[in-house]
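# Fold the following.
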Amino acid sequence: MAKTKVGIIGCGNISDTYFKGCPAFEVLQITACADVDMARAHAQAAKYGLRALSVDELLADAEIDLVINLTVPMAHAEINVRALEAGKNVHTEKPLAVTRADGQRTLELAARKQLRVGSAPDTFMGGGLQTCLGLINAGAIGEPVAASAFMVGRGPEAWHPSPDSFYQTGAGPMFDVGPYYLTSLLCLLGPVRRVTASARASFAERTAGHPDVLGRKIRVDTPTHIAGVLEFRSGLICTLITSFDIWHSQLPRIEIYGSTGTLSVPDPNTFGGPVLLRNAEDANWREMPLTHGYTENSRGIGAADMVHALRSGRPHRASGALAYHVLDLMHAFHDAARAGTHVELASTCQQPAALPRGLQPGTLD
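As a prediction, this is how the structure comes out:
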């Protein structure tokens, strides 16, 4: 099968995961990488046998059809727009953009140019979440009536070499890890109608713990504990907490509550299980066999699905519309907390189609 030439922009911490993951898919071939820090680009190019280019050179390269954008969140919109203007399809790390306006601008430009935009997270395409989707669709818990999702822990300042950005506007737990949870909920339950929330920055500053920045004080400019409620278009209600303020917890990741049972969903920041089911008559939880592949780290699956979709004319699953609905949701939680009210979502999206069962490794159709 012919391979689509891919260029990666952004050679930071997350890039290794993509450099290692993308070659597992038969339609992807990474040929070049770029970074504003050319030393990082050259290091990754040497490590993976690629060409190191400047950002301008990569965007001007005629053989590259797909750009994977791994820059910092504040640069996502700029690089997405520049890639689209260069005639290239784009798959970006989350979030799609920092502001709603930039997210809309990205999608409108893609539509005008008849190009595709996709975004991480794509973990919902892994075996764990796809098994959950199959169980819900098969009626394993009856009619879904409620859900809960908890992303609670301590922030990354203790271990990350550059933790400042996690506490700036456009970051925090909602924008950093929240997309995994929100995207998974949308995959399983469909789009959201409205939200409400309370939020605060519990600590005015944080102290860095990584040896390179040990003891440095970090100013906190965004909420670090957000407690929200989502009302889905189906009528289902979900409780959500995202927090960087909690040392320890025994809360589950995600649970879906149905009329005849409960489904315990695995960590949405991973691709595998376990998937646990307990019906009304069950004395104990049952671990369900995974029905789909891609249970290990499969970064790049969203980009590969986009390529398959381009070739067949179908919608891609990790779509720009899905990513924008997530972006709109994240802002809506913060807006609701500031205003002390419900916020109606102006956006919506299609629930991503389930993956077929029995796919061969490296394929998606």
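
# got the domain boundaries for this structure?
4-119, 124-292+327-344 (automatic domain parsing).

# all helices of the chain, in order?
Taking DSSP state H as the test, the helices found in the chain are 15-21, 38-48, 55-60, 73-85, 100-113, 127-137, 172-176, 178-189, 301-312, 320-339.

# Determine which stretch of the ones you listed is the most buried.
helix 172-176 (a mean of 26; mean count of other Cβ atoms under 10 Å). C-beta coordinates here come from the backbone N, C-alpha and C atoms, glycine included.

# and Ala321, which of the domains of the chain is closest to it?
domain 4-119 (7.1 Å; Cβ to Cβ).

# sorry, back to before: include distance to Val6 and mean pLDDT when you put the helices of the chain into a markdown table, please.
Putting the helices of the chain into a markdown table (distance: least, Cβ to Cβ, whole Å; pLDDT from 0 to 100) gives the following:
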| stretch | distance to Val6 | mean pLDDT |
| --- | --- | --- |
| helix 15-21 | 9 | 97 |
| helix 38-48 | 12 | 98 |
| helix 55-60 | 10 | 98 |
| helix 73-85 | 12 | 97 |
| helix 100-113 | 17 | 98 |
| helix 127-137 | 24 | 99 |
| helix 172-176 | 25 | 95 |
| helix 178-189 | 22 | 98 |
| helix 301-312 | 7 | 98 |
| helix 320-339 | 18 | 98 |
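
# Just put the ones you listed in JSON lines and tack on distance to Asn284.
What follows is the helices of the chain, written out as JSON lines (distance: least, Cβ to Cβ, whole Å):
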{"stretch": "helix 15-21", "distance to Asn284": "36"}
{"stretch": "helix 38-48", "distance to Asn284": "46"}
{"stretch": "helix 55-60", "distance to Asn284": "54"}
{"stretch": "helix 73-85", "distance to Asn284": "42"}
{"stretch": "helix 100-113", "distance to Asn284": "44"}
{"stretch": "helix 127-137", "distance to Asn284": "17"}
{"stretch": "helix 172-176", "distance to Asn284": "32"}
{"stretch": "helix 178-189", "distance to Asn284": "23"}
{"stretch": "helix 301-312", "distance to Asn284": "33"}
{"stretch": "helix 320-339", "distance to Asn284": "34"}
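
# sorry, back to before: need the domains of the chain in a markdown table with distance to Ser298, can you?
Output for the domains of the chain, formatted as a markdown table (distance: least, Cβ to Cβ, whole Å):
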| stretch | distance to Ser298 |
| --- | --- |
| domain 4-119 | 6 |
| domain 124-292+327-344 | 5 |
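
# closest one to Ile301 among those?
Per Cβ to Cβ, nearest to Ile301 of those: domain 124-292+327-344, 5.0 Å.

# distance between that closest one and the chain's centre?
11 Å (Cα atoms, centre = their mean, to the nearest Å).

# same thing with stretch 93-102?
12 Å.

# for stretch 40-59, same thing?
Distance, centroid of stretch 40-59 to centroid of chain: 25 Å (Cα atoms, centre = their mean).

# Backbone dihedrals for the nearest residue to Tyr167 once chain neighbours are set aside, both of them.
Leaving aside its chain neighbours, Tyr167 sits nearest to Val220 (4.6 Å; criterion: Cβ to Cβ, 6 or more residues apart in numbering). Torsion angles at Val220 (phi, psi; degrees, to the nearest 10) stand at phi -100, psi 120.

# Tell me if I'm right that Val220 and Phe203 touch.
Yes - counting by Cβ atoms under 8 Å, Phe203 is a contact partner of Val220 at 6.2 Å.

# neighbour count winner among the two?
Val220 (19 against 15; other Cβ atoms under 10 Å).

# contacting residues around the more buried one?
Tyr167, Ala201, Phe203, Ala204, Glu205, Arg206 (Cβ atoms under 8 Å, 6 or more residues apart in numbering).

# what's the spacing between it and Leu214?
Distance from Val220 to Leu214, counting by Cβ to Cβ, to the nearest Å: 18 Å.

# Show me where the stretch 101-250 of the chain dips below the pLDDT cut-off.
Within the stretch 101-250 of the chain, no range satisfies pLDDT under 70.

# re earlier: could you point out which of the helices of the chain sits nearest Lys94?
helix 178-189 (4.2 Å).

# what's that closest one in contact with?
94-95, 120-121, 123-124, 129, 132-133, 136, 144, 147, 149, 151, 192, 226, 230, 232, 234, 236, 238, 240, 242, 253-254, 256, 265, 268-269, 322-323, 325-326, 329-330, 349, 351-352.

# Report the central residue of the protein.
What sits nearest the mean C-alpha location of the chain, by Cα atoms, centre = their mean, is Pro121, with 2.2 Å.

# ok, now which ones touch that one?
Pro121 neighbours (Cβ under 8 Å, 6+ apart): Lys94, Pro179, Tyr180, Thr183, Ser184, Pro268, Asn269, Gly302, Ala318.
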